[in-house]
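Novice: Take this sequence and fold it.
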Amino acid sequence: MEDKDNKGWVKGWAVVRSSPWHLVGVFATEEDAETEARKMGDKYEVHYGSHRTGSDDFVWGE
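Specialist: Reported below is the predicted structural model:
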């Protein structure tokens, strides 16, 4: 889904590892992201936020 506040960014559910940084992907549903996170291992988390298309940039609020 387009992030209307940030041109070129999309909102979605991301699978990430914080250190070292790794953005696995951004998914339309939390369920799909959780499934992928389980495949990737314990160090990966799911967050809802905004992703800059064509990059590994992803931001979320706690």
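
Novice: How about Val24, nearest residue that isn't a chain neighbour?
Specialist: Closest residue to Val24 apart from its sequence neighbours, by CB to CB, 6 or more residues apart in numbering: Val15 at 3.9 Å. The way it works is simple: take the backbone N, C-alpha and C, and place the C-beta from them, glycine included.

Novice: That neighbour: neighbour count?
Specialist: Val15: 24 surrounding residues under other CB atoms under 10 Å.

Novice: what helix or strand is the residue nearest the centre of the chain on?
Specialist: The geometric centre of the chain, computed from its C-alpha atoms, lies nearest to Ala14 (CA atoms, centre = their mean), at 1.8 Å. Assigned by DSSP states H and E, Ala14 belongs to strand 9-17.

Novice: immediately after that strand, which helix or strand?
Specialist: Note on strand 9-17: by DSSP H and E, the next helix or strand toward the C-terminus is strand 22-27.
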